[in-house]
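Peer 1: Dropping the sequence and predicted coords here.
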Amino acid sequence: MSSLTEQRIRNPEIRKRVTDAATAAAHIRDGMTVAMSGFTPSGYPKAVPVALAKRVRASGEKCRIFLMTGASVGEEVDTELTVSGILGKRIPYQTNDHLRRGINARDVAFLDPHLGEMDGQVRRGFFGSVHVAVVEACTITEEGHIVPTTSVGNSPTFLQVAEKVIVEVNTAQPMQLEGLHDIFCPGDPPNRKPIPLVRPGERVGEPFMRVDPDKIVAVVMTDQKDAPRGLGEPDEACIAISRYLVDFLQHEVNQGNLPNTLLPLQSGVGEVANSVLKGLVDCSFSELTVYSEVIQDGVLDLIDAGKISFASGTALTLSPARLEHFLSNLDLYTKQVILRPQEITNSGEVISRLGCIAMNTAVETDIFGNVNSSHVLGNRLINGIGGSGDFARNGYVSIFCTPSIKAAGAISSVVPMVSHVDHTDHDVDIIITEQGLADLRGMAPEQRAVSIIERCAHPSFRDALKEYWERSKLGGGHFPVDLETAFSWHVNFKRTKSMK
């Protein structure tokens, strides 16, 4: 037994269960529900899923599983298990090209819940029994507790409910991650406890995840780093969106609606969301806080600029260079960053109490403020709703950002009626494109339509949207909609694409 293994696995009994990935993967068989750690792709297991895929490809055995995670994970999970034919069902949010194709071909059944609700649903058995949980760890303590790595996600719940547990102890993740986490499990009705968070920087739980040591059937030593995705530089549209956001926040401060330090910021993932955060670096605000799912590049930029005093999330969703920088400067960042379970980061109770400013990305918005954030042309899944609904429904103000045009200007992001609804107009307060900002608070449907068309639509589509709106009003009603024209907007775009 190496000294490194002894250092990382401080419990002697659990240390005896160290084995290779193939032996550990033998616990996963056809028809099982398997839960794995990981969130956008950080802190996910890497050796066991690859070993499982190799076994199935080599043996030709039938092995179809229902896979649960926190959110998207790396290629070692979603690519390997999809191309090997192992994934029969998947939950929740994902970002993998192979898996996306499998879902849209209906080869893989996909469930898309609000991320903040999934823990409780798993514990209450909504999805059946969890047969095996596979989680990545930084270390295992003397008591047998598990210290996560770069994400927490749903892992505490998976460890609680799984019949068997496999732990990947990843020595590529620094030991200094121990102490970064705050694990609090509120339980379920009728005995669910209040979550006692009133400020983003508070600690209310423990720095490790509890598990019954007897359930740990295998421990695999690994040394493979996360494989995060890079981010491009903000384009002109993203920069313009960020400027409109900063102007809006400053106006809210001037009106007395927000304090000078704002309220805790939440931001979705991706280049648009990250660019919006970066835009705050040069603003006049300071002593900001973040209460979000993810700690991304823009958050580190704000910390480095002295703008953020504290940031709370469930995962480090950083570009490769920024992740390396974070892990090399843990002594600095652990004073200002904390990782929690996603049922805490995405809790409606906490989001509402803190008054989070919710900033998320839309695929498209219609003229009334309904938002599609997950599908193309109504039926082709992109990633999933993720946690945007948790924050949109419970935040102090709900903001959705999107460039006004996509596909090299061939398609408008502002449409008569969204082709898929993730966020209804009831949960959307602000729409921002590079064309402008529509503040929908206090507006009836007709006022919303005029504001979104005038302020957010691209000029090349504005006249067509105005024409649609004038025609739909002739039908009368509180919510004037011309269904035939609204749906033909999307159908005509499909026809145009098919003719190219």
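Peer 2: Arrived safely, thanks for sending.
Peer 1: With S412 as the reference, measure out to Y244.
Peer 2: 18 Å (CB to CB, to the nearest Å). For glycine as for every other residue, the C-beta is placed from the backbone atoms N, C-alpha and C.
Peer 1: Now do the contacts for the residue nearest to K225 when sequence neighbours are not counted.
Peer 2: Using CB to CB, 6 or more residues apart in numbering and skipping residues adjacent in sequence, the residue nearest K225 is A172, 4.7 Å away. Contacts for A172 (CB atoms under 8 Å, 6 or more residues apart in numbering) come out as 222-225.
Peer 1: could I get those residues as a markdown table with secondary structure, distance to S129 and neighbour count?
Peer 2: Below are the contacts of A172 laid out as a markdown table (DSSP: H, G, I helix; E, B strand; the rest coil; distance: CB to CB, whole Å; neighbours: other CB atoms under 10 Å):
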| residue | secondary structure | distance to S129 | neighbour count |
| --- | --- | --- | --- |
| T222 | strand | 27 | 18 |
| D223 | coil | 32 | 12 |
| Q224 | coil | 29 | 17 |
| K225 | coil | 32 | 17 |
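Peer 1: Go through those residues and name the one nearest L327.
Peer 2: K225 (9.1 Å; CB to CB).
Peer 1: show me what contacts H114?
Peer 2: Contacts of H114 by CB under 8 Å, 6+ apart are 346, 385, 387, 389-390.
Peer 1: out of the residues you listed, what pair is the most spread apart?
Peer 2: Spatial extent of the contacts of H114 (CB to CB) is set by the pair N346 and I385 at 11.5 Å.
Peer 1: how about low-confidence regions in the stretch 251-400 of the chain?
Peer 2: Within the stretch 251-400 of the chain, no stretch has pLDDT under 70.
Peer 1: Over to the chain?
Peer 2: Across the chain, residues meeting the criterion (pLDDT under 70) sit at 1, 231-232, 493-500.
Peer 1: Can you give me the domain assignment for it?
Peer 2: Domain ranges of the chain: 3-222, 236-499, per automatic domain parsing.
Peer 1: In a markdown table, list these along with distance to R229.
Peer 2: What follows is the domains of the chain, written out as a markdown table (distance: least, CB to CB, whole Å):
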| stretch | distance to R229 |
| --- | --- |
| domain 3-222 | 8 |
| domain 236-499 | 7 |
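Peer 1: Which one of the ones you listed lies nearest to G230?
Peer 2: Nearest to G230, of all the domains of the chain, is domain 236-499, at 5.0 Å by CB to CB.
Peer 1: How far does that closest one sit from its chain's centre?
Peer 2: Relative to its chain's centre, domain 236-499 lies at 14 Å (CA atoms, centre = their mean, to the nearest Å).
Peer 1: The stretch 351-500 of the chain: helices as residue ranges?
Peer 2: Using DSSP state H, counting those that start in this stretch, the helices of the stretch 351-500 of the chain run over residues 388-394, 445-456, 459-473, 483-499.
Peer 1: Point out the most buried one among those helices.
Peer 2: Each of the helices of the stretch 351-500 of the chain was scored by mean neighbour count; the highest is helix 388-394, a mean of 26, by mean count of other CB atoms under 10 Å.
Peer 1: Let me see the residues that make contact with that helix.
Peer 2: The contact list for helix 388-394 (CB under 8 Å, 6+ apart) reads 114-117, 266, 268, 292, 346-348, 351-352, 356, 358, 360-361, 371, 373, 398, 400, 422-423, 427-428.
Peer 1: Generate a PyMOL selection restricted to the buried subset of the residues you listed.
Peer 2: Burial among the contacts of helix 388-394 is assessed by 16 or more other CB atoms under 10 Å; the matching PyMOL selection reads:
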select buried, resi 114+115+116+117+266+268+292+346+347+348+351+356+358+360+361+371+373+398+400+422+423+427+428
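Peer 1: ok, the residue sitting nearest the centre point of the chain to H98 distance?
Peer 2: For the chain, the residue nearest the mean C-alpha position is G386 (4.8 Å; CA atoms, centre = their mean). G386 sits 19 Å away from H98, taking CB to CB as the criterion.
Peer 1: again, but for I166
Peer 2: In terms of CB to CB, I166 sits 23 Å off from H98.
Peer 1: ok, the two, which is more surrounded?
Peer 2: Per other CB atoms under 10 Å, whichever of I166 and H98 has more neighbours is I166, with 28 against 17.
Peer 1: For that one, give its distance to N383.
Peer 2: Look at I166 and N383: by CB to CB, they are 27 Å apart.
Peer 1: L339 too?
Peer 2: Applying CB to CB to L339 and N383 gives a distance of 21 Å.
Peer 1: same question, V152
Peer 2: If you measure V152 against N383 using CB to CB, the figure is 20 Å.
Peer 1: Likewise for E467?
Peer 2: E467 is 33 Å from N383, where distance means CB to CB.
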